[in-house]
Each structure stands twice: as structure tokens, then as C-alpha cells.
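A.B. asks: make a model of this:
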Amino acid sequence: MTKPSVKILCVDDEKNVLRALQRVFLDEDYEMLAALSGPEGLEILEREENIQVVISDYRMPEMTGVEFLQEVCRRRPDTVRIVLSGYADTAAVVDAINEGQIYKFIPKPWNDDELRVTIDNALERFFLQARNRELMAELSDSNEELRHLNENLEQMVGERTAELVFRNQVLVAAQNILHALPVAVIGIDCDDQVAYCNQWGCTLCDTVEGVSMGSDRHHTLPAALNAFIDVLRANGSHEDWVPVGDAVLHAKGAHLNFGEQQGIVVTLNRGETHG
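C.D. replies: As a prediction, this is how the structure comes out:
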């Protein structure tokens, strides 16, 4: 992960103070920006992107440190703002906190080590808050996506339910048509199990052992019909007269081959005359 660049803006009307601040952070990989007044500091703020920390003197001509940091807070609320001053009365501290929303008030002269620790903590605070804002933005996006999905969920469920109802109606209609046919229709899958038998088929075969869906045809269908199916399976199609119970039925059969649906379909018709 690339380490983010750090820019610190220092504002003080005394050049020696600015130089002293730059010396404190000579060993750090910071870009130190310096301004001799509040207006000059604001010009730098407008020009430079990604300034994380602003350090300002409290007492300056033209614009006090509080006025300057108040404007910094308005323009760059994400920055961490620090006041340096040798004039540290209670009113000054309160003004800086309330109006400039500062992070810390550091008295002059400062301790270099303490100042380094303060800046380290300020930077940690800045990047933590930046990360929190990123996470909040991601959370907001996720919530918006979830809200959109929830809004469409009811419609999607309704559409899917309507589709299933329609398919079920089509299936029921197809089964009713097959049951109403004046011929027996029997379907056998590739494992020789009875996959389908319409009402006529059940009636005709019921004279022997009855027809059970999913049962082995050898245990369910009459022996003569099984023999017919054996020939049909070998030849691909077949037609013959088959004795079933007390009747002799005209049997026709063909292979079923529709994608994953494979098997044999047999029709039995007692209405035709045995030649």
C-alpha cells in the first residue's frame, strides 16, 4: 500500500518561527508549506491540494490565528488545525476551540519532541477520519443498492410467481388433454421406469397389476406390452397388436428425444380392429 504524502501548512508572521518549525520536521517525509500571514496562508490553501495539518500562530496582523483557522475550517473542514501562541489566556483557547474548531493549542516555546508527537497524532486522526468517511460512503452506497433491490424484490417475486402459475396452468392443461385422449399413453424413461401413464393407460393396464409412476415397467406392465417395448427399444419405432387382459390392443411406439428428456412413448388403442 502506497504511503500517502503529507503536507503541513505553517502560518506565522515571524520568519524565525517558520524556520524553526521546518527544522523540527527535517527528518520527516513531510512537505512543509510556509506563510507569513493569514491571507497568504489562504492563498496556499486554495492552491495546494491534500493539506492534512494547518499550524497557525495565534497573534498575527491582518488576520488573527482564530480568524484564519475559522476560514480554514470553512474551506477545508477535514484538515487538522493547531494553534501556536505565547499568549495563552483562557479566552484565547476558548475562541480557538469554538471558532476555529482546533485540534490542539500549543504554547510557545514548544518542546520539539512533544510537537512531533502532536503532529503524528494529528496525522493519524486525519487519515482515520478519511478512512471512516470512505467506509461511510461505501456503506451508504451499499444501503442504497439494498434499498433499490428491496424495492424491486416484490415486483420480481410477483413476476416470478405469475410465471410459475402460468407454467403450472399449462402443465395441468397438458395433463388434462392427455387424460382426455381416447387412447392410452405410456411413457418409459431410459431406466425402464414408468414416467407417465394417462387415465386410459391406467384403466387398460389396471386389469393386470395396476400402473405405478416410477416403478419398473417389468413389474408394472403386462408381459406382452413389455415384449413390445423391448422390440421398440431395439428398432427405434414399432407397431403391433398386443394382448392386455381380455383385450387385444393396437400398440404404436417411438423414441422420445428432447434434450435431457429421453425415453419411449407407447400408445394403446382398443378402438381399432385387429386385422
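A.B. asks: is residue 186 in a helix, a strand, or coil?
C.D. replies: Secondary structure, DSSP: H, G, I helix; E, B strand; the rest coil: residue 186 is strand.
A.B. asks: residue contacts, it?
C.D. replies: Neighbouring residues of residue 186 by C-beta atoms under 8 Å, 6 or more residues apart in numbering: 194, 196-198, 201, 205, 211, 221, 265-268. Just so you know, the C-beta spots here come from the backbone N, C-alpha and C atoms, and that holds for glycine as well.
A.B. asks: can you give me the strands in this protein?
C.D. replies: 6-11, 30-35, 53-57, 80-85, 104-107, 184-189, 194-197, 237-244, 247-258, 261-269 (DSSP state E).
A.B. asks: for the closest residue to residue 109 other than its chain neighbours, list the residues it contacts.
C.D. replies: Sequence neighbours aside, residue 86 is the residue nearest to residue 109 in space, at 7.6 Å (criterion: C-beta to C-beta, 6 or more residues apart in numbering). By C-beta under 8 Å, 6+ apart, the residues touching residue 86 are 107-109.
A.B. asks: dump these to CSV, plus neighbour count, distance to residue 119 and pLDDT.
C.D. replies: Converted to CSV, those look like this (neighbours: other C-beta atoms under 10 Å; distance: C-beta to C-beta, whole Å; pLDDT from 0 to 100):
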residue, neighbour count, distance to residue 119, pLDDT
107, 14, 16, 85
108, 15, 16, 85
109, 10, 16, 89
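A.B. asks: ok, those vs residue 175, which is closest?
C.D. replies: residue 107 (91.6 Å; C-beta to C-beta).
A.B. asks: from residue 81, how far off is that closest one?
C.D. replies: Applying C-beta to C-beta, to the nearest Å, the value for residue 107 to residue 81 is 16 Å.
A.B. asks: circling back to that earlier point, output the contacts of residue 86 in a markdown table; the columns should cover distance to residue 13.
C.D. replies: Shown next, in a markdown table, are those (distance: C-beta to C-beta, whole Å):
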| residue | distance to residue 13 |
| --- | --- |
| 107 | 17 |
| 108 | 13 |
| 109 | 16 |
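A.B. asks: out of these, which is nearest to residue 101?
C.D. replies: Out of these, the member with the shortest distance to residue 101 (by C-beta to C-beta) is residue 107, at 19.3 Å.
A.B. asks: right, and the closest one touches residue 85 too?
C.D. replies: Yes: Residue 107 is in contact with residue 85 according to C-beta atoms under 8 Å; the separation is 6.7 Å.
A.B. asks: now do the buried residues in stretch 226-235.
C.D. replies: By 16 or more other C-beta atoms under 10 Å, the buried positions in stretch 226-235 come out as 226, 228-229, 232-233.
A.B. asks: contacts for that stretch?
C.D. replies: Counting by C-beta under 8 Å, 6+ apart, 188, 217-218, 221, 238, 240, 242, 251, 253-255, 264, 266 sit against stretch 226-235.
A.B. asks: hey, C-alpha coordinates of that stretch in CSV?
C.D. replies: Provided in CSV are the C-alpha atoms of stretch 226-235 (Å, rounded to 0.1, in the frame of the first residue of the first chain):
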residue,chain,number,x,y,z
ASN,A,226,-43.0,-55.3,-22.1
ALA,A,227,-42.1,-57.6,-25.0
PHE,A,228,-43.5,-54.9,-27.4
ILE,A,229,-41.4,-52.3,-25.7
ASP,A,230,-38.2,-54.5,-26.0
VAL,A,231,-38.7,-54.6,-29.7
LEU,A,232,-39.5,-50.9,-29.8
ARG,A,233,-36.3,-50.0,-27.9
ALA,A,234,-34.3,-52.1,-30.3
ASN,A,235,-35.8,-50.8,-33.5
